[in-house]
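Engineer: Make a model of this:
(chains A, B, C and D)
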There are 2 protein chains.
Amino acid sequence: MTTRARVRDAAITVFGNHGFGTGVRAIATAAGVSPGLVIHHFGSKDGLRAECDEHVLRIIREQKAEAVSTPGPAGAMQALADIEQYAPLVAYIVRSFQAGGGLGESLFEHMVEDTTQYLELGVATGSVRPSRNPAARARYLTLYNVGAMLLYLQMRADKEVPLDYATAIRDLATDVTLPALEMYTEGLLPDSSMLEAYLATEDGAAQAGAAPPVHTDSPN
Amino acid sequence: MTTRARVRDAAITVFGNHGFGTGVRAIATAAGVSPGLVIHHFGSKDGLRAECDEHVLRIIREQKAEAVSTPGPAGAMQALADIEQYAPLVAYIVRSFQAGGGLGESLFEHMVEDTTQYLELGVATGSVRPSRNPAARARYLTLYNVGAMLLYLQMRADKEVPLDYATAIRDLATDVTLPALEMYTEGLLPDSSMLEAYLATEDGAAQAGAAPPVHTDSPN
DNA sequence: CGTCCGGTTGAACACGCGTTTAGCGTACTA
DNA sequence: TAGTACGCTAAACGCGTGTTCAACCGGACG
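Structural biologist: Coordinates of the predicted model:
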């Protein structure tokens, strides 16, 4: 294994555990090299970060290739089990979402795409209700699930101990499964009056993908 | 208005716009004072941050006192309109959630409490379906809505321009209303088999608040 | 008038940061 | 075997940070 790769992997771990504010010296120490070498290999700290992003994204793509082969709850469970194995990656990704930067957005868009396809499949097989706007629903579900998970993890961290993502995610699942299933099967509202009222709106009709009603002062 | 308060308010604005990494000198400049005076008044940068947290929390509590008087969608709309007025506070709170520290957790717990009461009221008046575990549902809804909002805002920011929270939140609302209403009135799953399967589980029964079935190797 | 005291400043200090530079050793190459 | 390119280190540089310190200024009080 080349020294360059060792430094990169150490950086991913350290960044994931202590945030992107960590100094080059700490990364160098973790990799067992001198601070100058880090710069010599990656040009700058930002260059190192960019290469970490790239590497993480590449691993995710490879990993997704086999995860896609078994979609649905079974695949999700498998992915959850894999978390223990890929803990440093998960930590890095979470930090990346919190700190902004392209990685988070890129991963998010991939997740939206995957969710879209998974929901389409579910609708086709009858295991998921159809939606008036499948794209908006997929984006909504991704945004809410990812956002909630990030907030949960971040509120759990707080201490300087690196946080065990595997148990944290399991805890989140046990906290959330019942209300989520309730919501998914029974909804929250007892009747459809609110939804109908919104669909009668211009915005509602437009969002539903139907032809919006003619506006009072629009041409024609 | 005392200089101390001016420095504090300037710090809230600057922290909110540029993050907690901003230097003491920038805050001092924004307040029109010298860097040394900031330390003289608040002891340290952390002391300043603590006083900002305290002040923000106090304002929120005062504001909540009148917001609670008009709960429901009307109150929410009013709160949304007030955002323009309290933009610096909102920015500071968002930063506070992202950076960790007590303020975020404290506000979150308050929101869970408010949501609990609001849902109770809705159930009593028949505008919200009852839940097997109201506390878990309130926590779930708060976690998901706050988390999604934070993620949305953070993905929108990215540039160094301070970001207009009012329009961003409006955009989020238009993106999310249709799928959220669909989900709230119709759910996602076409039948209750998954929920029933979970309720038949030990965990499911425990989460639902009912007496869990006797475990095979438990006493008695 | 003299004195004191709190608010305020500007310069300075110590430190950690990312980065640069000079040089060492080693392994390949002609 | 001499030459050379490369991986690597140790030390230093410049900068920005939070914080400290001595001095100053203006008003209140004896």
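Engineer: list the contacts for A:Tyr144?
Structural biologist: Under the criterion of C-beta atoms under 8 Å, 6 or more residues apart in numbering or on different chains, the contact partners of A:Tyr144 comprise B:144-145, B:147-148. All C-beta spots, glycine's among them, are computed from the backbone N, C-alpha and C.
Engineer: between those residues, which is nearest DNA strand C?
Structural biologist: Top of the list for closeness to DNA strand C, among these and by C-beta to the nearest atom of the strand, is B:Gly147 at 29.4 Å.
Engineer: Any idea how far the helix or strand containing that closest one is from the middle of the chain?
Structural biologist: Using DSSP states H and E, the secondary-structure element containing B:Gly147 is helix B:134-157. For helix B:134-157, the separation from the chain centroid amounts to 7 Å (computed by C-alpha atoms, centre = their mean, to the nearest Å).
Engineer: Break down chain A into its helices, ranges please.
Structural biologist: When assigned using DSSP state H, the helices of chain A occupy the ranges A:3-18, A:24-31, A:35-42, A:45-67, A:72-85, A:87-99, A:102-125, A:134-157, A:165-186, A:193-199, A:202-207.
Engineer: Just tell me which of these ends up closest to B:Tyr198.
Structural biologist: Counting by C-beta to C-beta, B:Tyr198 lies closest to helix A:165-186 out of the helices of chain A; the figure is 5.5 Å.
Engineer: Identify the residues contacting that closest one?
Structural biologist: Counting by C-beta under 8 Å, 6+ apart, A:80, A:83-84, A:87, A:90-91, A:94, A:148-149, A:152-153, A:156, B:129, B:131-133, B:136-137, B:139-141, B:143, B:183-184, B:187-189, B:191-192, B:194-195, B:198, B:203-204, B:207-208 sit against helix A:165-186.
Engineer: ok, now stretch A:95-114?
Structural biologist: Contact with stretch A:95-114 is made by A:15-16, A:19-20, A:49, A:53, A:56-57, A:60, A:64, A:68, A:93, A:138-139, A:142-143, A:146, A:150, A:154, B:98, B:151, B:154-155, B:157-158, as judged by C-beta under 8 Å, 6+ apart.
Engineer: Now do that stretch, average pLDDT.
Structural biologist: Model confidence over stretch A:95-114, given as mean pLDDT, is 94.
Engineer: Kindly report the same for stretch A:205-216.
Structural biologist: Average pLDDT, stretch A:205-216: 70.
Engineer: now swap in stretch A:64-84 and tell me
Structural biologist: pLDDT averaged over stretch A:64-84 gives 67.
Engineer: Stretch A:157-166 too?
Structural biologist: The average of the pLDDT scores along stretch A:157-166 is 83.
Engineer: What are the buried residues along it?
Structural biologist: For stretch A:157-166, the neighbour count (16 or more other C-beta atoms under 10 Å in any protein chain shown) marks A:157, A:163, A:165 as buried.
Engineer: Now for A:Val176, how many residues are close by?
Structural biologist: If you count neighbours by other C-beta atoms under 10 Å in any protein chain shown, A:Val176 ends up with 21.
Engineer: hmm, back to that, farthest pair in the contacts of A:Tyr144?
Structural biologist: Of all pairs drawn from these, the one with the longest distance (C-beta to C-beta) is B:Asn145 and B:Gly147, at 7.3 Å.
Engineer: between the buried residues of stretch A:157-166, which is nearest chain B?
Structural biologist: Distance from chain B was checked for each of the buried residues of stretch A:157-166 by C-beta to the nearest C-beta. The minimum falls on A:Ala157, at 6.5 Å.
Engineer: ok, now how distant is that closest one from DNA strand C?
Structural biologist: Applying C-beta to the nearest atom of the strand, to the nearest Å, one obtains 20 Å for the distance of A:Ala157 from DNA strand C.
Engineer: All good on my end, thank you.
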